[in-house]
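Participant: Sequence first, then the predicted structure:
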Number of protein chains: 2
Amino acid sequence: MNVLPKLLDRIVAPDGAAGLQAQRALDQLTKPPGSLGRLEELARGLSEMSGRFPFQARRCVIFTLAADHGVVAEGVSAYPQIVTAQMVENFLQGGAAVNVLARHVGAPVVVADLGVASMVPGRPGLVSRKIGPGTRNMATGPAMTREEALAAIEVGIGLVDAERGNGLDVIGTGEMGIGNTTAASAVVAALTGAPAAAVTGTGTGVDDEGRLRKIAVITRALAVNRPQPADGVDVLAKVGGFEIAGLCGVILAGAAWRIPVILDGFIAGAAAMVAVRLKPDAGHYLIASHRSTESGHNYVLNALGLEPYLDLQMRLGEGTGSALCIGLAKAATKILGEMATFKSAGVTERSL
Amino acid sequence: MNVLPKLLDRIVAPDGAAGLQAQRALDQLTKPPGSLGRLEELARGLSEMSGRFPFQARRCVIFTLAADHGVVAEGVSAYPQIVTAQMVENFLQGGAAVNVLARHVGAPVVVADLGVASMVPGRPGLVSRKIGPGTRNMATGPAMTREEALAAIEVGIGLVDAERGNGLDVIGTGEMGIGNTTAASAVVAALTGAPAAAVTGTGTGVDDEGRLRKIAVITRALAVNRPQPADGVDVLAKVGGFEIAGLCGVILAGAAWRIPVILDGFIAGAAAMVAVRLKPDAGHYLIASHRSTESGHNYVLNALGLEPYLDLQMRLGEGTGSALCIGLAKAATKILGEMATFKSAGVTERSL
């Protein structure tokens, strides 16, 4: 049980040296300085986070963690719980949105079951690390025990460890779990003190009435469980989810090994907020892929101090935003790796 | 000389049938309806524009047109005129930003010389279609004759014609020309009646003084030449540029042959405004890739009624924004082509 404390000890703020090298290289390329805007920021950030210059985004892996949520008993989702398992099957078949977008950018997807209620272990391609058959209903008591939360975090850490041996340049985060925007909203409300209504959206698409029900359920869960905002693990255990805790572990492992972590949307963002609560320096290794339409996401981005690279009005999760951002990360890296310099191309520098 | 009128006659608003088919297909995919946001909008738009369902973005070509501008004599650019030719060489060597990003998305780049002052024709890989050795200084008289403007438009049309035979699913626009933000600002001011100051930015990076000089030069050019806003060709001839006119031709040819046209940044946008002035229905075939930091770009986007897909604080041109957006267009197309449906994957549809 001392995997987590040891890992947290490893996490330190990056020194800026590799980032500065990247910036110096960017300014010698055949373009007005800064004219590629945030693509340059991304190129520099990847070097700074990884401590590597040149940085290459050869192997970018999306970790899509799945689990079920007892809180669905309260009628918080537009889809029945069985959809979590069905979508995991879809991931394994390669037919989900994250599969298509991950293939598009050349990123493998690691699909892990941290607690899908109806999923039988042993599917080819599935990493089975079930903590339990879904969380318990947080509206009536804690979603899980503290031990379960820690175990789920360690599963996430282990997933990264298993991939590090194959080379792992960039981590993409993703998730699947019917009911998990309710858990994520509860986590964000608990950590920030924001009212449930401010951080609760329509998830997969509930109507106004459904959203009010979500808000009431989250308010109840917070009152019943009284998660301690200073204690990230307590928040995860009481109102989180297995996949959210797992993603927290993935994110912390990325930070510990200086592997840049691309956050998908709202749920990955909630996991990142817990990670940063456990170790503030983990925040230096985060990249926000896109701005979700889920209303609580702005709270998450503000809390993390991140400005997303994309705003495509997406709200699907799974790692779809991560995949698109991996495309940008590869582009940014190629700018540094493949562009000519003023000197090499014999282009005159600015005269004014 | 009746190439242009014939082409304009071909341009009509798309019927919505293929777009509706795409929308229907999108709603059967394993995701909450609309949850991929603007990626779905893009998938639908590509079908609607092309009239094809399924639409495939197999061959996406970026047309990067280069020319020089007599107005550089007024000191409007941070770089000397020779850089246009040097950057064209860089394009041909594959070392410029547009080459890197185009390779990243698998798009060939057609590099055409419409009037680079110092470029000797006959470079391998270069399409030489010189109208003249750069335009004349618009601050003292018309940048070109009406015949030259029409010839440049026809060059653009011809570039698309030459590629259509190889299959051309999506057109990306790009340009290079020291001084061409000054010309583009003048075009936008002339077409919209906006004051020069409102549509003039810092281009490749002039300082405040340089920007004021640009504004004064544009104001003078408009006063000296009195371009007629209702007559797009007159505006191009008096205050435009060969590459801007050529892009206008590229855009009109795309619209005529129902090939979706991705606009790069400010300069491609100015060319599109002329195209729409010549034939309003051409506007149905336009996709705005990104929001440039060049201050006049918002005027262009508002005038065209377009919302860009990316906002990465870029201002480089060349077709760099088009390249990134081609990546998104391919992703959007693959969503429709590769994702499972609720039926095929056996996923339960929404219950609420």
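Facilitator: Yep, it's here. Numbers count the residues shown, from 1 in each chain, chains lettered A, B, ... in the order given.
Participant: So what does A:Lys214 have for phi and psi?
Facilitator: Per-residue torsions, A:Lys214: phi -60, psi -50 (degrees, to the nearest 10).
Participant: what's the spacing between the closest residue to A:Gln228 other than its chain neighbours and chain B?
Facilitator: Spatial nearest neighbour of A:Gln228, chain neighbours left out: A:Asp234 (4.6 Å); criterion: CB to CB, 6 or more residues apart in numbering or on different chains. C-beta here means a position set from N, CA and C on the backbone, and glycine is covered the same way. Separation of A:Asp234 from chain B (CB to the nearest CB, to the nearest Å) stands at 31 Å.
Participant: Please identify which helix or strand holds A:Asp234.
Facilitator: helix A:232-239 (DSSP states H and E).
Participant: Show me where chain A has its helices.
Facilitator: A:3-10, A:17-26, A:37-50, A:82-93, A:97-104, A:146-164, A:180-192, A:208-225, A:232-239, A:242-256, A:266-278, A:297-304, A:320-338, A:342-345 (DSSP state H).
Participant: nearest to B:Val105, of the ones you listed?
Facilitator: For those, proximity to B:Val105 was assessed by CB to CB; helix A:320-338 is nearest, at 8.2 Å.
Participant: which other helices and strands contact the closest one?
Facilitator: Other helices and strands packing on helix A:320-338, by 3 or more CB pairs under 8 Å, 6 or more residues apart in numbering or on different chains; DSSP states H and E, are helix A:17-26, helix A:37-50, strand A:60-67, helix A:97-104, strand A:170-176, strand A:261-263, helix B:97-104, helix B:320-338.
Participant: Rebuild the ones you listed as CSV, extending it with distance to B:Pro5 and mean neighbour count.
Facilitator: CSV is the format used below for those (distance: least, CB to CB, whole Å; neighbours: other CB atoms under 10 Å in any protein chain shown):
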stretch, distance to B:Pro5, mean neighbour count
helix A:17-26, 47, 18
helix A:37-50, 40, 23
strand A:60-67, 51, 30
helix A:97-104, 41, 26
strand A:170-176, 51, 31
strand A:261-263, 51, 29
helix B:97-104, 32, 26
helix B:320-338, 28, 26
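Participant: how about those, which one is nearest B:Arg146?
Facilitator: Nearest to B:Arg146, of all the helices and strands packed on helix A:320-338, is helix B:320-338, at 28.7 Å by CB to CB.
Participant: Around chain B, which positions in the stretch 51-200 of chain A sit nearby?
Facilitator: A:75, A:77-80, A:82-83, A:86-87, A:89-90, A:93, A:95-97, A:99-101, A:103-104 (CB under 8 Å from any CB of the partner chain).
Participant: again, 6 Å this time
Facilitator: A:78-80, A:82-83, A:86, A:90, A:95-97, A:100-101, A:104 (CB under 6 Å from any CB of the partner chain).
Participant: List just the nearest of these to chain B.
Facilitator: When these are ranked by distance to chain B (CB to the nearest CB), A:Gly95 comes first, at 2.9 Å.
Participant: Report whether the expected contact of A:Ile218 with A:Ala196 is present.
Facilitator: Yes - counting by CB atoms under 6 Å, A:Ala196 is a contact partner of A:Ile218 at 4.1 Å.
Participant: returning to that earlier point: quick check: the gap between the residue nearest to A:Gln228 and A:Pro142.
Facilitator: 9 Å (CB to CB, to the nearest Å).
Participant: what's around A:Asp9, how many residues?
Facilitator: 11 (other CB atoms under 10 Å in any protein chain shown).
Participant: likewise A:Ala13?
Facilitator: A count of neighbours around A:Ala13, defined by other CB under 10 Å, yields 12.
Participant: And it, its phi and psi?
Facilitator: phi -60, psi 140.
Participant: so who does it touch?
Facilitator: Applying CB atoms under 6 Å, 6 or more residues apart in numbering or on different chains, we find A:Ala13 in contact with A:Asp281, A:His284.
Participant: Count the residues that sit near A:Glu209.
Facilitator: 10.
Participant: That one and A:His104, how far apart?
Facilitator: 37 Å.
Participant: picking that back up, and which of the residues of the stretch 51-200 of chain A next to chain B is nearest to A:Ala162?
Facilitator: Within those, proximity to A:Ala162 (CB to CB) peaks at A:Ala96, which comes in at 21.7 Å.
Participant: What sits closest to that closest one if chain neighbours are left out?
Facilitator: Leaving out its chain neighbours, the residue that sits closest to A:Ala96 by CB to CB, 6+ apart is A:Asn90, at 4.5 Å.
Participant: contacting residues for that neighbour?
Facilitator: Going by CB under 6 Å, 6+ apart, the list of residues near A:Asn90 reads A:Ala96, B:Thr30, B:Ala340, B:Ala345.
Participant: For it, report the pLDDT, please.
Facilitator: Per-residue confidence (pLDDT) for A:Asn90: 98.
Participant: any idea of the mean pLDDT for stretch A:148-155?
Facilitator: The model assigns stretch A:148-155 a mean pLDDT of 98.
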